[in-house]
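1. here is a sequence with its predicted model. Questions after.
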Amino acid sequence: MGWLMGLLVLAVVLIAWLVAIYNALVGLRNRFKNAFAQIDVQLKRRHDLIPNLVETAKAFLSHERETLEAVIAARNSAEGARTRAAANPGDAQAMQGLASAEAGLSGVLGRFFALSEAYPDLKSNQNMMQLSEELSTTENKIAFARQSYNDAVMRYNNKCEMVPSSLVAGALGFKHAEFFEVEVDAERAPVQVQF
């Protein structure tokens, strides 16, 4: 009878231990998803500012139609990638697609702002200066949100990879989450917004 009681206590302790690991994994997964939601908000804000920038610049850059169209195309591509990544922030392909689309958008915006430097009237336009300031502020918020997301992903991935929680994670389908990283050094530099 004593050994049966010991076996029962051992089973209860084992179940409690598995539940604790499972709950920790779920909590960490929800944290990185929440952290991505913060990036998502800032990216949406960034993407919403861009058409206003282009519209403001149209009057001054009418013969630079190709550049303006490239900005809008890159914005639309980034918006689509953002939507796919928001649906499943742990998906490696979605996160890589988002990083690539955002890098492309940053590159096109960099060319847009470099081109706009040649137009003093555009640089001094009050609406353009306000939009540029909002975009610059949003870029900083994106950087902070991305750091928070990557920290949350690291904690989650560590828990999924370390023994003994890796045994539970593997058995219950917890998958490795992808960091949100910029791949090319030149793309790591923030968009320079100066008016």
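-> That came through fine. Residues are numbered from 1 along each chain as shown.
2. put the alpha carbons of stretch 46-59 into PDB.
-> Output of stretch 46-59 as PDB, limited to C-alpha atoms (Å, rounded to 0.1, in the frame of the first residue of the first chain):
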ATOM      1  CA  ARG A  46       4.900  53.700 -40.900                       C
ATOM      2  CA  HIS A  47       3.100  52.300 -43.900                       C
ATOM      3  CA  ASP A  48       0.100  54.700 -43.400                       C
ATOM      4  CA  LEU A  49       2.500  57.700 -43.300                       C
ATOM      5  CA  ILE A  50       4.200  56.900 -46.600                       C
ATOM      6  CA  PRO A  51       1.200  57.700 -49.000                       C
ATOM      7  CA  ASN A  52       0.900  61.100 -47.300                       C
ATOM      8  CA  LEU A  53       4.600  61.700 -47.900                       C
ATOM      9  CA  VAL A  54       4.300  60.700 -51.500                       C
ATOM     10  CA  GLU A  55       1.200  62.800 -52.000                       C
ATOM     11  CA  THR A  56       2.900  65.900 -50.500                       C
ATOM     12  CA  ALA A  57       6.000  65.300 -52.600                       C
ATOM     13  CA  LYS A  58       4.000  64.800 -55.900                       C
ATOM     14  CA  ALA A  59       3.600  68.600 -56.500                       C
END
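3. for it, which positions count as buried?
-> Within stretch 46-59, the residues scored as buried using 16 or more other CB atoms under 10 Å are Arg46, His47, Leu49, Ile50, Leu53, Val54, Thr56, Ala57. Where you see a C-beta, it was placed from the backbone N, CA and C, and this is true even at glycine.
4. ok, so of those, who is nearest Asn157?
-> Of all these, Asn157 sits closest to Arg46, with 26.7 Å by CB to CB.
5. phi and psi next, for that closest one.
-> When read as degrees, to the nearest 10, the backbone of Arg46 gives phi -60, psi -50.
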